[in-house]
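[1] how would this look folded up:
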Amino acid sequence: PLSTLHSPLSTLHSPLSTLHSPQPHTTHMKKQLSSLTLALALTTASHAVTMFDIVIDFGSSTFTTSQQAAFTNAEATWESLITSYNTTGVTSGTTLTISANNPLLDGAGGTLGSAGPSTGSSFGGSYLYALTGSMSFDSADVAALETDGTWEAVILHEMAHVIGIGTLWSSSDVGIPGSQELYVDGSGQYTGATGLAAYQQEFVGQESATFVPVELGGGGGTANGHWNEGDGGFATGITRVSDGQDMNLMLMSGWLNGGSYISDTTLGSFEDLGYNTTLVLNAVPEPSSALLLLAGFMGISLHRRRA
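    Below you'll find the model as predicted:
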């Protein structure tokens, strides 16, 4: 149902994050390969820093005012956390335009929706950025998501996949080697430097971790595109230093539990993808002659589970 975009230069195939509900009160979001392509476009470099800006295009959708407001809130959230592009060659006025629609897919309780990047550019730099993307939600399910209070969190999750979490971790995997290589498919080990540094500081006992664990369970669409947690959305025993919340409550894990949070690890991953964010990491102590200190640096399916 999605058209393929071709570039005279080269194309890359982008995984699409698809949301399913396999049983009552449970959402299951699958990320799968699609015919959707991300076209590589090169532009003339400049030296200005370009602010990060998301534009939501509701097109012919029939979302209610309150349902549209959830998209606007999600947009504002990511724009407040992702401030600008790291690559100075990004053209002034560049936006990430996301098409949002609510077609009838397969009826209530089945496929809830899908999301992913569709076109992008490297702007002559070392990062591959999404420039357009799409988010579709089954019109038979949207009202229930809104009623049970998970609608905005699901949008935030899917919007992050459009920006690049789990979908643009490896430029080679989408057909354009030479840009970011943060994850090897099937390894379960995310090795992006800033995401890893954030993980080491954010979670108890992870100071010497050599990778951020990535989900390998849950089947296609869940595996390799989300932070790890216990299969089915259960706790991992890895908790945040700041408040003791388990890793399984991260917004970008494969199962959406109540009270999910946007982690520093996720913001670090956005920085690995070429964005400037509000993330502030603690300074790493310098080794001294009296004592050597380890610096700590050694590297699309959503489910909802109710307790």
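[2] For this structure, just list every one of the helices.
    Remark: helices assigned in the chain by DSSP state H are 65-81, 142-147, 151-163, 193-202, 264-272.
[3] In TSV, list those along with distance to V241.
    In short, each C-beta sits where N, CA and C put it, glycine included. Below are those laid out as TSV (distance: least, Cβ to Cβ, whole Å):
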stretch	distance to V241
helix 65-81	19
helix 142-147	32
helix 151-163	23
helix 193-202	6
helix 264-272	10
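[4] residue ranges with poor pLDDT in the stretch 101-250 of the chain?
    Applying pLDDT under 70 to the stretch 101-250 of the chain flags the ranges 109-113.
[5] Count the residues that sit near the residue lying closest to L104 once chain neighbours are set aside.
    Nearest residue to L104 in three dimensions, chain neighbours excluded: S139, at 5.1 Å (Cβ to Cβ, 6 or more residues apart in numbering). For S139, the neighbour count with other Cβ atoms under 10 Å is 18.
[6] Distance of D106 relative to G219?
    Using Cβ to Cβ, to the nearest Å, D106 is found at 18 Å from G219.
[7] who has more neighbours, those two?
    When neighbours are counted by other Cβ under 10 Å, D106 and G219 differ, and D106 comes out ahead with 13 against 10.
[8] so what's the more buried one up against?
    D138, A140 (Cβ atoms under 8 Å, 6 or more residues apart in numbering).
[9] got a markdown table for the helices of the chain, with distance to F58 and mean neighbour count too?
    Formatted as a markdown table, the helices of the chain follow (distance: least, Cβ to Cβ, whole Å; neighbours: other Cβ atoms under 10 Å):
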| stretch | distance to F58 | mean neighbour count |
| --- | --- | --- |
| helix 65-81 | 6 | 15 |
| helix 142-147 | 13 | 17 |
| helix 151-163 | 13 | 25 |
| helix 193-202 | 32 | 23 |
| helix 264-272 | 25 | 25 |
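[10] of all those, which lies closest to D246?
    Judged by Cβ to Cβ, the one of those that comes nearest to D246 is helix 193-202, at 12.1 Å.
[11] With only the CA atoms kept, save that closest one in PDB.
    C-alpha atoms of helix 193-202 as PDB (Å, rounded to 0.1, in the frame of the first residue of the first chain):
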ATOM      1  CA  ALA A 193      29.100   5.700  22.000                       C
ATOM      2  CA  THR A 194      26.800   8.200  23.500                       C
ATOM      3  CA  GLY A 195      23.900   5.800  24.000                       C
ATOM      4  CA  LEU A 196      26.300   3.400  25.700                       C
ATOM      5  CA  ALA A 197      27.700   6.200  27.900                       C
ATOM      6  CA  ALA A 198      24.200   7.200  28.900                       C
ATOM      7  CA  TYR A 199      23.300   3.600  29.700                       C
ATOM      8  CA  GLN A 200      26.400   3.200  31.900                       C
ATOM      9  CA  GLN A 201      25.400   6.300  33.900                       C
ATOM     10  CA  GLU A 202      21.600   5.800  33.900                       C
END
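[12] by contact count, what packs against that helix?
    Counting contacts by 3 or more Cβ pairs under 8 Å, 6 or more residues apart in numbering; DSSP states H and E, helix 193-202 packs against strand 212-213, helix 264-272.
[13] Could you check how far A115 is from S99?
    Where S99 is concerned, A115 sits at a distance of 10 Å (Cβ to Cβ).
[14] Mind listing the shared neighbours of these two?
    G133, S134, M135.
[15] Who does the closest residue to the second one other than its chain neighbours form a beta bridge with?
    Spatial nearest neighbour of S134, chain neighbours left out: S99 (4.5 Å); criterion: Cβ to Cβ, 6+ apart. Partner residues in beta bridges with S99: D57, S134, with DSSP bridges as the criterion.
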